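Asks: Here is a sequence together with a model predicted from it:
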Amino acid sequence: PTFAPTVTPKPTTGLPEVPDGYVPDTDPASYGVGKCAADIPGMTFTNTGSCFPFESYGDNYYYYGGYGSVPHCREVACGHYCEGDGFCPGPPSLDSNTCDGAYEMYYKDCPPEPTPAPTATPAP
């Protein structure tokens, strides 16, 4: 039998670099945690086109669980990397499999966090 050549996905360029030992922010108090695009207008997800930035961890990411241990996109703060879970960022993540043939890594970007309007101080 003849097999088709394997195509290696090309990583998306222009995404922010991360330090060695990078771990996505999942603190519930951080802007964007628990949110997806329908929750914050202007939120975007960029498929990294590879396992970036987790490729150096491979099957040992978080020391167990491999790439499946990368937090899902709803679980991370804005400005962090995550794994698409089919709900966040949405259905296209179900079949792109650009990381290790089974996962999709995304960069979650959001507009600036709104600042609350100042409250008027009552006159004495």
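Replies: Thanks, I have it. Numbering: from 1, shown residues only.
Asks: can you pull out the strands in the protein?
Replies: In the chain, the strands defined using DSSP state E lie at 44-47, 80-83, 105-109.
Asks: could you dump those strands to JSON lines with mean pLDDT and distance to T119?
Replies: C-beta coordinates here come from the backbone N, C-alpha and C atoms, glycine included. Conversion of the strands of the chain to JSON lines gives the following (pLDDT from 0 to 100; distance: least, CB to CB, whole Å):
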{"stretch": "strand 44-47", "mean pLDDT": "91", "distance to T119": "32"}
{"stretch": "strand 80-83", "mean pLDDT": "93", "distance to T119": "31"}
{"stretch": "strand 105-109", "mean pLDDT": "93", "distance to T119": "30"}
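Asks: Nearest to A120 among these would be which one?
Replies: strand 105-109 (34.1 Å; CB to CB).
Asks: Listing partners with orientation, what would you give for the closest one?
Replies: strand 44-47 (antiparallel), strand 80-83 (antiparallel) (DSSP bridges).
Asks: Can you tell me who the spatially most central residue of the chain pairs with across the strands?
Replies: For the chain, the residue lying nearest the average C-alpha position, counting by CA atoms, centre = their mean, turns out to be C82 (2.7 Å). Using DSSP bridges, the bridge partners assigned to C82 are Y106.
Asks: wait, isn't it in contact with D109?
Replies: No - with contact defined as CB atoms under 8 Å, C82 does not count as touching D109 (11.2 Å).
Asks: Relative to T13, which of the strands of the chain is closest?
Replies: By CB to CB (comparing all of those), the closest turns out to be strand 44-47, at 10.4 Å.
Asks: Please work out which residues outside the closest one touch it.
Replies: The set of residues that contact strand 44-47 without belonging to it, under CB atoms under 8 Å, 6 or more residues apart in numbering, is 12, 15, 37, 73, 84, 88-90, 93, 96, 98, 104-110.
Asks: so P53 makes contact with Y22?
Replies: Yes - with the criterion set as CB under 8 Å, P53 and Y22 qualify as a contacting pair; they are 5.8 Å apart.
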